[in-house]
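Colleague: can you look at this prediction? I've put the sequence above it.
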Amino acid sequence: MDYKIYFLNLFLVVTCYELKQVVILSRHNIRSPLVDAFKKFSPRPWPKWNVSVGYLTEKGASMEENMGEYMSNWLCTELFKDNCPEESSFQIFANSTQRTYESSKAFMRGVFKNCNNVLRMGTEEMASVFEVVVRNDSTVLQELVVKEMETKIRELDTRKPYSLLEDVLDLKNAEVCKMEGICHFDKANNKIIYELGNLPNVGGSLLWAHLIVDSFLMSYYDGFPLEDVAWGRIKDSEQWRILTKTISQYQHVVFNSKLVGRQVSKPLLSYISSVLTKETEKKIIILHGHDANLYFVLAALDVNEFLLPDQYEIVPIGGKLVFQRWYDATQDRDLFKLYYVYLTVDQIRDGSKLSTNNQPRRVQLFIKNCHVDSDGFCTWEDFVKVLNDAVSF
């Protein structure tokens, strides 16, 4: 079968298939740390940020606009035949936090850079769609979830990440050690939090280790001088891989649950289902949320385990789940593909403009009950069944 390459090699497109619709679920781009309470964890001075806690940075906005401009080549070529889209053909929603809203604006500036579209974004009216909170007060469900999280915590091997993090921080000489007696991170001191109306969470070492390493990673991504990234004490990529396990371990315990994912992401899945399974003139739907939104959707749809080469995170900053609906003219049927589009650690750090010589990475994802053919397509009927099963939980 003959192939053409569109989107500058990012997507392989079979010539007899027509792209009909795309839903992009994106994580916001580079932000400042989520909390400003790290002082007690190290005797060393922490770097200063020029934006508020949890806000999108200037570089984050630039990176997101750059990705939007790059992706516009594919979107406009495939969906609009090199023309600018009508306003009625696209929909933009973002969570109402500053980092997601501003990421969405930046991405759309890039996508429609050469168009005169008026960008209208939904935020407040769609805020509940992005909320990842417990919605079921069933004690049976609570017991199942808590037991699942407890099992995951017991199975974690935190020795190397915690030991290295303690050394980087010089935790033994930190205020938290001298005043509170916390001189080591210990997975045994974690507390599971499961409350109606709140995100299922874990308090204790697992949470703090994740937040601290996340702050190191954000400063590295944002271009801080290396001596200001964890005080220059992270020496190489192997140490980064060890430390960032604290992020993936936290996410595994809190987010990686089909049971929880189908409950907390039901509004988001319902919205995605409504735009993908009903007749609509919307060809592009762009949703900007958080890592939790992407992770819970992946878990709810029962996506097979995957690896993103040259990345430390499973849900990297600025990464995008790209849901694609295709039409097969030869058999008069719709088909489905799911991709993860992202930048490597080095691409984010360097911040260089995307091009044919500096392309985003893409990895095709596979859903357990959505079997693919030799071209990597799942039947539309199988995907809709998976989606409906997830929504009907």
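Modeller: Received the coordinates, thanks. Because the structure is predicted, anything quoted here is derived from the model rather than measured.
Colleague: low-confidence regions, this protein specifically.
Modeller: 1-15, 82, 116-126 (pLDDT under 70).
Colleague: can you name the element that comes right after the one helix or strand Val322 maps to?
Modeller: According to DSSP states H and E, Val322 maps onto strand 320-328. Next in sequence after strand 320-328, counting helices and strands by DSSP H and E, comes strand 333-342.
Colleague: for that next one, packing partners?
Modeller: strand 320-328, strand 361-365, strand 378-379, helix 380-391 (3 or more CB pairs under 8 Å, 6 or more residues apart in numbering; DSSP states H and E). Bear in mind the C-beta positions are built from the backbone N, C-alpha and C, glycine included.
Colleague: mind checking the ones you listed for the one nearest to Leu294?
Modeller: strand 320-328 (5.8 Å; CB to CB).
Colleague: hmm, who's touching that closest one?
Modeller: For strand 320-328, the surrounding residues in contact (CB atoms under 8 Å, 6 or more residues apart in numbering) are 16-27, 67, 272, 276, 294, 297-298, 333-342, 362, 365, 377, 380.
Colleague: quick check on those: which are buried?
Modeller: 17, 19, 21-27, 67, 272, 276, 294, 297-298, 334-342, 362, 365, 377, 380 (16 or more other CB atoms under 10 Å).
Colleague: picking that back up, and the strand holding Val322, C-alpha only, in PDB?
Modeller: The C-alpha coordinates for strand 320-328 follow below in PDB (Å, rounded to 0.1, in the frame of the first residue of the first chain):
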ATOM      1  CA  LYS A 320      -0.900  15.800  23.800                       C
ATOM      2  CA  LEU A 321      -3.300  12.900  23.400                       C
ATOM      3  CA  VAL A 322      -4.500  13.100  19.800                       C
ATOM      4  CA  PHE A 323      -7.800  11.200  19.100                       C
ATOM      5  CA  GLN A 324      -8.200  10.800  15.300                       C
ATOM      6  CA  ARG A 325     -11.300   9.800  13.400                       C
ATOM      7  CA  TRP A 326     -10.600   8.600   9.800                       C
ATOM      8  CA  TYR A 327     -12.900   7.700   6.900                       C
ATOM      9  CA  ASP A 328     -12.000   4.700   4.800                       C
END
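Colleague: now that strand and strand 333-342, what's the angle there?
Modeller: 160 degrees (axes from the mean of the first three to the mean of the last three CA atoms, to 10 degrees).
Colleague: pull the number of nearby residues for the residue nearest to Asn358 when sequence neighbours are not counted.
Modeller: The spatial neighbour of Asn358 that comes closest, neighbours along the chain excluded (CB to CB, 6 or more residues apart in numbering), is Ser352 at 5.8 Å. Ser352: 12 surrounding residues under other CB atoms under 10 Å.
Colleague: who does the strand holding Val322 pair up with?
Modeller: strand 17-27 (antiparallel), strand 333-342 (antiparallel) (DSSP bridges).
Colleague: okay if I get those as JSON lines plus distance to Leu321?
Modeller: Shown next, in JSON lines, are the strands paired with strand 320-328 (distance: least, CB to CB, whole Å):
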{"stretch": "strand 17-27", "distance to Leu321": "4"}
{"stretch": "strand 333-342", "distance to Leu321": "6"}
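Colleague: which of these sits closest to Arg241?
Modeller: strand 333-342 (16.5 Å).
Colleague: give me the distance from stretch 248-268 to the chain's centre.
Modeller: Distance of stretch 248-268 from the chain centroid (CA atoms, centre = their mean, to the nearest Å) equals 12 Å.
Colleague: start the count at 39 instead of 1 going forward.
Modeller: Renumbered: residue one is now 39, and that last one reads stretch 286-306.
Colleague: in that stretch, what's buried?
Modeller: Buried-residue list, stretch 286-306, by 16+ other CB under 10 Å: 286-296, 298-306.
Colleague: quick one: end-to-end distance for it.
Modeller: 23 Å (CA to CA, to the nearest Å).
Colleague: then stretch 110-127?
Modeller: 14 Å.
Colleague: tell me which residues of that stretch are tucked away?
Modeller: Quick answer for stretch 110-127 (16+ other CB under 10 Å): Ser110, Asn111, Trp112, Leu113, Cys114, Glu116, Leu117, Phe118, Pro123, Ser127.
Colleague: next: stretch 224-244.
Modeller: Applying 16+ other CB under 10 Å to stretch 224-244 flags Lys225, Asn228, Ile230, Ile231, Tyr232, Leu237, Pro238, Asn239, Val240, Gly242, Ser243, Leu244 as buried.
Colleague: try stretch 382-395
Modeller: Those would be Thr382, Val383, Gln385, Ile386, Arg387, Gly389, Leu392, for stretch 382-395 by 16+ other CB under 10 Å.
Colleague: which other residues reach that stretch?
Modeller: Under CB under 8 Å, 6+ apart, the answer for stretch 382-395 is 46-47, 68, 97, 100-101, 104-105, 107-108, 258-259, 261, 275, 278, 347-350, 354-356, 396, 398-399.
Colleague: out of those residues, which sit inside strands?
Modeller: When DSSP state E is applied, the contacts of stretch 382-395 are split such that Arg399 fall in strands.
Colleague: any idea how far Asp372 is from Lys185?
Modeller: 40 Å (CB to CB, to the nearest Å).
Colleague: I should have written Gln277 there, sorry.
Modeller: Applying CB to CB to Gln277 and Lys185 gives a distance of 34 Å.
Colleague: which residues touch Cys194?
Modeller: Quick fix: residue 194 is Leu, not Cys. Contacts of Leu194 by CB under 8 Å, 6+ apart are Lys225, Leu244, Gln287, His290, Val291.
Colleague: the first one reaches Ser243, doesn't it?
Modeller: Yes: between Lys225 and Ser243 there is a contact at 6.0 Å, judged by CB atoms under 8 Å.
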